[in-house]
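Enquirer: sequence-free structure coming up:
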């Protein structure tokens with residue numbers, strides 16, 4: 001009976017109603033009959049369509065690293081609380097571990113990951129029914145806690161100890177974290193807005209001197225201002241509200257203009273012909289976050305090109321103009337292609353990054369052959385050989401996974417020879433990577 005009960009629990013049949021389902025799919029009268037058959041090795045629990053459905057749902061809602069709920073489950077749980085009219089009873093929290101890189105460097109990534117799992121399991125022991133702790137990813141956790149339990153929960157986390165194992169000796173160390181908290185209101189009806197607010201509060205904690213920050217009216221006003229700025233962008237571009245100013249670069253010895261830097265300002269039109277100039281310190285961070293910065297950068301570039309053309313037509317000899325481009329552009333395949341095909345700059349376009357020349361593109365596959373690689377059948381990563389890139393985890397995962405014959409290729413190096421980069425290269429070679 002104990003074996004059958006264990007099988008039923010592993011199939012998520014935790015109550016009598018679920019144990020007596022007769023769906024007709026597996027050929028047994030009830031789930032108990034099927035569990036008896038599994039216990040005698042006549043069947044497999046995977047033959048139960050309800051088990052497969054529940055198991056797939058569990059995997060979908062569970063963080064693979066820590067085994068606790070993931071962000072998808074957290075969002076569903078929050079939505080359920082709101083729909084049941086109970087949101088106002090709870091506080092939402094974003095918990096971001098700090099100085100965890102020190103744990104990685106001191107104890108190694110495997111020990112640090114095990115400690116992260118220990119921390120996740122410990123935090124889950126602090127919660128009551130209808131409360132939840134979830135792993136968002138990396139060193140970030142989310143929680144929804146009853147307001148009456150919030151102080152106790154924070155106090156409990158502050159007292160948590162992790163136990164990394166070094167040379168078979170278990171140590172005990174505390175953790176440090178920052179947290180963003182939002183006290184959910186009864187009229188809140190959008191999970192996304194709640195998540196945004198705890199993330200904003202956590203960002204304030206990260207940038208300031210206060211370790212635990214509650215989302216407040218000032219942050220709410222800042223959020224509304226950001227949304228209004230984003231909404232105003234398309235019309236601002238259409239109405240040419242973004243102005244380009246040129247900051248001169250002068251050779252002081254020769255008293256001669258040698259270049260300029262293009263700077264953008266936003267002259268926002270208000271009512272009755274009144275306008276105001278918005279500092280780039282206000283709108284640039286917002287556009288960096290939502291991606292509008294790409295469009296704005298090309299807007300500035302096109303303006304500069306038109307101005308240079310006008311200077312030439314007016315008999316003014318142009319100087320070199322520097323145009324700033326956001327790092328966001330490097331998430332696309334090629335800035336050069338974007339310039340050439342989308343903005344009509346088809347001649348003399350090259351992208352030079354970090355002061356190096358444009359590489360010569362190989363025309364054949366001899367280089368791949370020299371590395372023992374099959375064309376189109378390898379895994380490529382490009383990174384500096386530094387601890388924060390965590391290439392050692394990639395190598396470990398590669399050594400444990402079935403990659404179906406694909407070889408791991410790591411392109412990069414450190415800027416100087418050091419113990420970490422040497423160990424990483426040895427580790428890659430031992431794992432069969434290139």
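Expert: Cool, the structure landed. Since the structure is predicted, the reported quantities are computational estimates derived from the model, not experimental observations. Numbering: from 1, shown residues only.
Enquirer: tell me the contacts of residue 128?
Expert: By CB atoms under 8 Å, 6 or more residues apart in numbering, the contact set of residue 128 is 146, 149. Quick note: C-beta positions are derived from backbone N, CA and C, even for glycine.
Enquirer: before we move on, what about residue 121?
Expert: 66-68.
Enquirer: now do the buried residues in the helix or strand hosting it.
Expert: Using DSSP states H and E, residue 121 falls within helix 109-124. Under the neighbour-count criterion of 16 or more other CB atoms under 10 Å, helix 109-124 has 111-120, 122-124 buried.
Enquirer: cool, and stretch 145-159?
Expert: 145-146, 149-150, 153-154, 157.
Enquirer: any idea how far apart the tips of that stretch sit?
Expert: This stretch, stretch 145-159, spans 17 Å end to end (CA to CA, to the nearest Å).
Enquirer: distance from the chain centre to it, please.
Expert: The chain centre lies 26 Å from the centre of stretch 145-159; the measure is CA atoms, centre = their mean, to the nearest Å.
Enquirer: what average pLDDT does it get?
Expert: Per-region confidence: stretch 145-159 scores 95 on mean pLDDT.
Enquirer: contacting residues around it?
Expert: With contacts defined as CB under 8 Å, 6+ apart, stretch 145-159 is touched by 89-91, 93, 95, 123, 126-128, 130-131, 143, 174-175, 177, 179, 181, 183, 212.
Enquirer: what about those residues, which are in helices?
Expert: When the contacts of stretch 145-159 are checked against helices (DSSP state H), the matches are residue 123.
Enquirer: make a ChimeraX selection of the buried ones in the contacts of stretch 145-159.
Expert: Buried residues among these (16+ other CB under 10 Å), as a ChimeraX selection:
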select :89,90,91,93,95,123,126,127,131,143,175,177,179,181,212
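Enquirer: show me the contacts of stretch 145-159 that map onto strands.
Expert: 90-91, 93, 95, 143, 174, 177, 179, 181, 183, 212 (DSSP state E).
Enquirer: okay, who's weakest in these by pLDDT?
Expert: residue 174 (90).
Enquirer: show me what contacts it?
Expert: 159-162.
Enquirer: how far away is the most centrally placed residue in the chain from residue 94?
Expert: Residue closest to the average C-alpha location in the chain (CA atoms, centre = their mean): residue 137, at 7.8 Å. Remark: distance between residue 137 and residue 94 (CB to CB, to the nearest Å) = 12 Å.
Enquirer: residue 118 too?
Expert: Distance, residue 118 to residue 94, by CB to CB: 20 Å.
Enquirer: next one: residue 67
Expert: Taken as CB to CB, the span from residue 67 to residue 94 is 20 Å.
Enquirer: picking that back up, buried subset of the contacts of residue 174?
Expert: Applying 16+ other CB under 10 Å to those, the neighbour count classes residue 162 as buried.
Enquirer: nearest to residue 405, of the contacts of residue 174?
Expert: Nearest to residue 405 among those: residue 162, at 38.9 Å, using CB to CB.
Enquirer: nearest residue to that closest one in space, please, no chain neighbours.
Expert: Excluding the flanking residues, the one nearest residue 162 by CB to CB, 6 or more residues apart in numbering is residue 115, at 4.1 Å.
Enquirer: neighbours around residue 293, how many?
Expert: Residues contacting residue 293 under the criterion other CB atoms under 10 Å number 21.
Enquirer: ok, now the one 4 residues further on?
Expert: Summarising burial for residue 297: neighbours were counted as other CB under 10 Å, giving 19.
Enquirer: that one: what's its closest spatial neighbour, skipping adjacent residues?
Expert: Of all residues not flanking residue 297 in the chain, residue 325 sits nearest, at 5.1 Å (CB to CB, 6+ apart).
Enquirer: just residue 123 next, same as before
Expert: That would be residue 133: by CB to CB, 6+ apart, it lies 4.6 Å from residue 123.
Enquirer: give me the beta-bridge partners of that neighbour?
Expert: As for beta bridges, residue 133 partners with residue 143 under DSSP bridges.
Enquirer: for it, list the residues it contacts.
Expert: With CB under 8 Å, 6+ apart, residue 133 has these contacts: 68-69, 120, 123-124, 126-127, 141-143.
Enquirer: for the stretch 251-400 of the chain, just list every one of the strands.
Expert: With DSSP state E, counting those that start in this stretch as the criterion, the stretch 251-400 of the chain has strands at 256-269, 275-278, 320-323, 378-382.
Enquirer: can you list the weak-confidence ranges in the stretch 51-200 of the chain?
Expert: By pLDDT under 70, the low-scoring segments of the stretch 51-200 of the chain are 51-58, 166-169.
Enquirer: hmm, try it at 80
Expert: 51-60, 165-170 (pLDDT under 80).
Enquirer: show me how to select, in ChimeraX, the buried members of the contacts of residue 121.
Expert: Selection of buried members from the contacts of residue 121 for ChimeraX, criterion 16+ other CB under 10 Å:
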select :66,68
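Enquirer: and which of the contacts of residue 121 is nearest residue 317?
Expert: The shortest approach to residue 317 among the contacts of residue 121 belongs to residue 66, at 63.5 Å (CB to CB).
Enquirer: list the residues that contact that closest one.
Expert: 116-117, 120-121, 135.
Enquirer: can you check residue 92 too?
Expert: Taking CB under 8 Å, 6+ apart, we find residue 92 in contact with 78, 142-144, 181-182, 184, 194-195, 197-198.
Enquirer: can you give me the buried ones in the helix or strand containing residue 429?
Expert: Assigned by DSSP H and E, residue 429 belongs to helix 419-430. For helix 419-430, the neighbour count (16+ other CB under 10 Å) marks 421, 424, 428 as buried.
Enquirer: quick one, what contacts the nearest residue to residue 119 once chain neighbours are set aside?
Expert: Take residue 119 and drop its neighbours on the chain: the residue closest to it by CB to CB, 6+ apart is residue 162, 5.7 Å away. When contacts are counted by CB under 8 Å, 6+ apart, residue 162 touches 103, 115, 118-119, 172-175.
Enquirer: kindly reformat these as CSV containing distance to residue 20.
Expert: Output for the contacts of residue 162, formatted as CSV (distance: CB to CB, whole Å):
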residue, distance to residue 20
103, 49
115, 43
118, 38
119, 40
172, 48
173, 49
174, 49
175, 46
